[in-house]
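1. no FASTA, just this:
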């Protein structure tokens, strides 16, 4: 079973608007990572946030982590057509388990 | 630095055949992971290698195997192919296990 679950499954927004997606997970984590995938291609790493961090920024991206609720959110501000993609959260467990467990992803469509 | 490369990019096989996929990690990266991506199951972890040792394996049958060479290049093999093995197979490398993964473009396998 997948560790992370993204919500919503799909999101359609107008260019310039913000997009927010959430990720919930089940077990204690070492870190949580967000990735983007365009049209069934390889994944591109966006942000890694560690369990002792609460917020990280990278350009127009902002990630928050709430370990008490076992959840994370990814905010894309001032979206562009190029942001159209699927976004995945992936968790690394605190154990010696080296698996990176991906959620089902959120498909974001940015309309011009 | 050159990114993660995977060969071949596309492959068509018939049921019962076997296939070998290759992955060359980013220079200096010693950790290589493999993932299977399908529309139904999403991204699923196959296995992870570090310094030629398989450290973790996902929930896949024994038909799926892999190895890593001394130069960190990795191969995965699927024997006795089934229709359900049709998928995008992604390889990722990282400098430190459990940290940021750099993905290759993937090998799209179609089993007929």
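-> Alright, I've got the coordinates. Computed from a prediction, not measured in an experiment: that's the story for all the values here.
2. Centre of the chain to stretch B:53-72, how far?
-> Taking the mean of its C-alpha atoms, stretch B:53-72 sits 8 Å from the chain's own mean (Cα atoms, centre = their mean, to the nearest Å).
3. and what of stretch B:96-103?
-> Going by Cα atoms, centre = their mean, the spacing between the C-alpha centre of stretch B:96-103 and its chain's C-alpha centre is 14 Å.
4. For that stretch, list every residue counted as buried.
-> Of the residues in stretch B:96-103, B:97, B:98, B:99, B:100, B:101, B:102, B:103 count as buried by neighbour count, 16 or more other Cβ atoms under 10 Å in any protein chain shown. Heads up, the C-betas are built off the backbone N, CA and C, glycines and all.
5. Export the residues you listed as JSON lines, with columns for pLDDT and distance to chain A.
-> Compiled in JSON lines, the buried residues of stretch B:96-103 are given as follows (pLDDT from 0 to 100; distance: Cβ to the nearest Cβ, whole Å):
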{"residue": "B:97", "pLDDT": "82", "distance to chain A": "5"}
{"residue": "B:98", "pLDDT": "82", "distance to chain A": "5"}
{"residue": "B:99", "pLDDT": "88", "distance to chain A": "7"}
{"residue": "B:100", "pLDDT": "93", "distance to chain A": "5"}
{"residue": "B:101", "pLDDT": "94", "distance to chain A": "6"}
{"residue": "B:102", "pLDDT": "95", "distance to chain A": "7"}
{"residue": "B:103", "pLDDT": "96", "distance to chain A": "4"}
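6. Of the residues you listed, which is the nearest to residue B:7?
-> Nearest to residue B:7, judged by Cβ to Cβ, of these is residue B:103 at 14.7 Å.
7. now for the worst-scoring helix or strand of chain B on mean pLDDT, which elements pack on it?
-> The element with the least model confidence among the helices and strands of chain B, by mean pLDDT, DSSP states H and E, is strand B:53-57, at a mean of 91. On a contact count with 3 or more Cβ pairs under 8 Å, 6 or more residues apart in numbering or on different chains; DSSP states H and E, strand B:53-57 meets strand B:42-50, strand B:64-68.
8. what's in contact with the longest one?
-> Contacting residues not belonging to strand B:42-50 are listed as A:2, A:43, A:88, A:90, A:98-105, B:30-38, B:54-60, B:64, B:66-68, B:74, B:76, B:89-90, B:97 [Cβ atoms under 8 Å, 6 or more residues apart in numbering or on different chains].
9. Please indicate which of these are buried?
-> Neighbour counting over the contacts of strand B:42-50 (16+ other Cβ under 10 Å) leaves A:2, A:43, A:88, A:90, A:98-105, B:30-37, B:55-58, B:60, B:64, B:66, B:68, B:74, B:76, B:89-90, B:97 as the buried ones.
10. Which of those residues fall in strands?
-> The strands in this structure, assigned by DSSP state E, contain A:43, A:88, A:90, A:101-102, B:31-37, B:55-57, B:64, B:66, B:68, B:74, B:76, B:89-90 from these.
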